[in-house]
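Trainee: Pasting the sequence and the predicted coordinates here, then a few questions.
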Amino acid sequence: MEKTPIERVRNIGIIAHIDAGKTTVTERVLFYTGRSYKIGEVDEGTAVMDYLPQERERGITITAAATTCSWRDHTINIVDTPGHVDFTVEVERSLRVLDGAVVVFEAVHGVQSQSETVWRQADRYRVPRICFVNKMDRLGADFWRTVGMIRERLGARPVAVQIPIGAEDNFRGVVDLIEEVAWVFPDDPREQPERQPIPYELREEARKRREQMIEALAEVDDQVLISYVEGHPLTPAEIKKAIRRATVSYLITPVLCGAALRNKGIQPLLDAVVDYLPSPVDLPPVRGTHPETGEPLERAPREDEPFAALAFKVVADPFVGRLVYFRVYSGRLKQGAQVYNSTRRQRERLGRLMRMHANRREDIEEVSAGMIAATVGLKNTFTGDTLCEEQAPIILEAMKFPEPVVSVAIEPKTKDDQDKLATTLARMAEEDPTFRFRYDPETGQTIISGMGELHLEIIVDRMRREFGVEAHVGRPEVAYKETMTRPARAEGRFIRQSGGRGQYGVVVIEAEPLPRGSGFVFEDRTTGGVIPKEFIPAVEKGVRQALDTGVLAGYPVIDVKVTLVDGQYHPVDSSTFAFEMAGSIAMQEAMRQGGPVLLEPIMRVEIATPEEFFGDILGDITARRGHVVQVDQQGHLRLITALIPLAELFNYATDLRSISQGRATYTMEFDHYEPLPQSLADAIVGRARGAVRR
């Protein structure tokens, strides 16, 4: 494939709420750019981007799939992401390495709960985006209501650059407000859209909406403002440049519309990706730090800069083995080259370099700044690791992943399954940073934890199909956490004297609770060499090990700061192991003194229900220890947003169906942790201690 100049590269993600039509949009993009010769359908299980058997059976996207296509001499690298909240990690790591995004909204429901989540993720990584209001052909579709919801619920500044021609069954095209023409889309997807004059009945609205578009641009762009004030008419080229400047600067979000399933609106969307979303050179240089000194560093998106890339996804491919996806921020890299993993301080050698098209691969000789590629041969590189030149080391900002909220116990069916289980789970944990597993020696079971029931169901299904491991699965349980409520100071002593060399380590720590979501912070404030520097990492390792198992019921401890303030060592008997053990003992004692409490995950649940079931559903929310945050009206539906403990939501889909005669729907996502009521906490602690005694 001929090399594309970096200015003509677009790295974009397709993000949205579940069932808004992301994969359908992507399939049409692949068809119209000539990447695939026939249109894949999600409902028929023929979508190119949904290649896992579990995706095709369920009609949902589970894993982010990457592909490359061309439009107007531009190379577009696309990542199609899942919409289901259980797989939000796929959106998180994709947005970290992309330059722009297309946010797909459903024209009937507008902004939904997961739309807000992906929008916040895009805000966190400062990703410029355009909006595509899909399903304009559906009953109840309303383009302008959706634009209003983007403004009100997302706090964005949407600017419509099109208006729909017709709606619901009569939707047949769009009016381009910039060029002042109409595009009518034929029913046959192989025919080109027809360029026509604006229909007479829409001319006045188009004139008014175009004026609003230019006013919105004048508010954020000085060049447009000068032309607007002086009364100079703006050419389409000038408007497009202004929209691009404002979009790349996060000042506005262009909004387009269409009906992907009926092949309407895709070509203008591709034009908008090329015209408005940034190339790698339009964005600031990527920032990082020096692995030794911690000084801030930058890498500009140029081939003559030192090589720097971020690994954002690891896949256990059944054909080529361990596949690592990475985004190159600067420099260039040839097949077979040696790279330095600055995160883990290890040299690695690349195997084959590949450009991915979902689960198909194309070999390439080299990859350069701004591109996304995959490679085999990297044995010790994981999600979030930085790859660079050893002579010019840099560590790029890694990704933060949410903690798992649901656990199940699994037991292998046979001795053969037992032998393969640990290896299989380790490979799957490499792929998915939100999946964890541990062996519980008290019960003899393996506990797997993930983001929801569907997440764990898919994990178990993949274990069986891809790795041939059969297992009995227990019922889902909440992944509780523990934390402290007050500061505590504790000493840990690990002293073993025997005939020969003994073990000697004494540490004094101060532990204190942190605000929710802060994680774990370790600080060394020792002075005068009371503990030699080489033993400090061992103390931190011991503390971390103690945090894996809390003192109340054995759940992991979160949101604490530990400060090492004092200690003692022996010139002969002190060792790394001794200080590791002393750190662990001190942390356990600090937890006992620090008023430990159990925390439970609270989920944000959004329910859409017909009016007649509204009261029953509110009563059910209260019975589940939930409280209502917001109630909205949307046509004949009531939208209820509530915060409900996860422990009360198992089998909620079945219960909601029976309350509403199958007419209400819901989505949920993790919101925060909060302390468990004392009576429930006592019961869980009692159960945990009873299991230990048995």
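Mentor: Here it is on my side, so go on.
Trainee: Show me where this structure dips below the pLDDT cut-off.
Mentor: By pLDDT under 70, the weakly predicted segments of the chain are 1-2, 40-62, 83-85, 318, 358-359, 441-443, 498-500, 635, 690-694.
Trainee: Given the longest strand seen in it, what are its sheet partners and their directions?
Mentor: For the chain, the strand that runs over the most residues, judged by DSSP state E, is strand 597-610. If you go by DSSP bridges, strand 597-610 pairs up with strand 481-483 (antiparallel), strand 637-645 (antiparallel), strand 665-675 (antiparallel).
Trainee: now the next helix or strand after it, how far from the centre of its chain.
Mentor: Next along the chain after strand 597-610, taking DSSP states H and E as the criterion, comes helix 614-623. Averaging C-alpha positions (CA atoms, centre = their mean, to the nearest Å) puts helix 614-623 31 Å from its chain's average.
Trainee: who's in contact with helix 614-623?
Mentor: Applying CB atoms under 8 Å, 6 or more residues apart in numbering, the contact partners of helix 614-623 are 605, 607, 609, 627-628, 638, 640, 642, 644, 655-656, 659-660, 664. Placement of C-beta: from N, CA and C, glycine included.
Trainee: run the last query once more with 6 Å
Mentor: Residues outside helix 614-623 that contact it (CB atoms under 6 Å, 6 or more residues apart in numbering): T609, R638, A642, I659.
Trainee: dump the residue contacts of the spatially most central residue of the chain.
Mentor: Closest to where the C-alpha atoms of the chain average out (CA atoms, centre = their mean) is E92, at 2.1 Å. Contact analysis of E92 by CB under 6 Å, 6+ apart lists Q121, M399.
Trainee: wait, is it part of a helix?
Mentor: Yes. Remark: E92 belongs to a helix, assigned using DSSP: H, G, I helix; E, B strand; the rest coil.
Trainee: so the spatially closest residue to E295 that is not a sequence neighbour bridges to which residues?
Mentor: Distances taken as CB to CB, 6 or more residues apart in numbering put T289 closest to E295, at 6.6 Å, once the chain neighbours are dropped. Counting by DSSP bridges, T289 is bridged to P296, I395.
Trainee: Can you verify my assumption that T289 contacts I394?
Mentor: No. Using CB atoms under 6 Å, T289 is not in contact with I394; the gap is 7.2 Å.
Trainee: quick one, which of these two is more surrounded?
Mentor: I394 (25 against 17; other CB atoms under 10 Å).
Trainee: ok, the closest residue to that one other than its chain neighbours - contacts?
Mentor: Using CB to CB, 6+ apart and skipping residues adjacent in sequence, the residue nearest I394 is G288, 4.2 Å away. Residues near G288 by CB under 6 Å, 6+ apart: L297, I394, I395, L396.
Trainee: With H627 instead?
Mentor: Counting by CB under 6 Å, 6+ apart, H627 has contacts L643.
Trainee: Show me the beta-bridge partners of the nearest residue to R436 once chain neighbours are set aside.
Mentor: Nearest residue to R436, sequence neighbours excluded (CB to CB, 6+ apart): S449, at 4.6 Å. Listed by DSSP bridges, the beta-bridge partners for S449 are S407, R436.
Trainee: doesn't A479 make contact with S449?
Mentor: Yes. If you go by CB under 6 Å, S449 and A479 touch, sitting 5.1 Å apart.
Trainee: okay, and the common contacts of the two?
Mentor: Here S449 and A479 have P404, S407 as joint contacts, going by CB under 6 Å, 6+ apart.
Trainee: For the nearest residue to S36 once chain neighbours are set aside, pull up the helix or strand it's in.
Mentor: Among residues not flanking S36 along the chain, L30 sits closest, at 4.4 Å (CB to CB, 6+ apart). Counting by DSSP H and E, the element that carries L30 is helix 22-32.
Trainee: and that helix, what does it pack onto?
Mentor: Contacts defined by 3 or more CB pairs under 6 Å, 6 or more residues apart in numbering; DSSP states H and E place helix 22-32 against strand 9-16, strand 74-80, helix 266-276.
Trainee: how does it look with 10 Å?
Mentor: In terms of contacts (3 or more CB pairs under 10 Å, 6 or more residues apart in numbering; DSSP states H and E), helix 22-32 is packed against strand 9-16, strand 65-71, strand 74-80, strand 100-106, strand 129-134, helix 266-276.
Trainee: I'd like these written out as JSON lines, with mean neighbour count added.
Mentor: Shown next, in JSON lines, are these (neighbours: other CB atoms under 10 Å):
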{"stretch": "strand 9-16", "mean neighbour count": "26"}
{"stretch": "strand 65-71", "mean neighbour count": "21"}
{"stretch": "strand 74-80", "mean neighbour count": "24"}
{"stretch": "strand 100-106", "mean neighbour count": "26"}
{"stretch": "strand 129-134", "mean neighbour count": "27"}
{"stretch": "helix 266-276", "mean neighbour count": "21"}
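Trainee: Out of the ones you listed, flag the one nearest Q346.
Mentor: Distance to Q346, taken as CB to CB, is lowest for strand 65-71 among the helices and strands packed on helix 22-32, at 25.4 Å.
Trainee: still on that earlier bit, dump the strands paired with strand 597-610 to JSON lines, plus mean neighbour count.
Mentor: Below are the strands paired with strand 597-610 laid out as JSON lines (neighbours: other CB under 10 Å):
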{"stretch": "strand 481-483", "mean neighbour count": "23"}
{"stretch": "strand 637-645", "mean neighbour count": "19"}
{"stretch": "strand 665-675", "mean neighbour count": "17"}
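Trainee: Out of those strands, which is closest to Q121?
Mentor: That would be, of the strands paired with strand 597-610 and by CB to CB, strand 665-675, which comes in at 11.4 Å.
Trainee: okay, the angle between the closest one and helix 614-623?
Mentor: For strand 665-675 against helix 614-623, the angle by axes from the mean of the first three to the mean of the last three CA atoms, to 10 degrees is 30 degrees.
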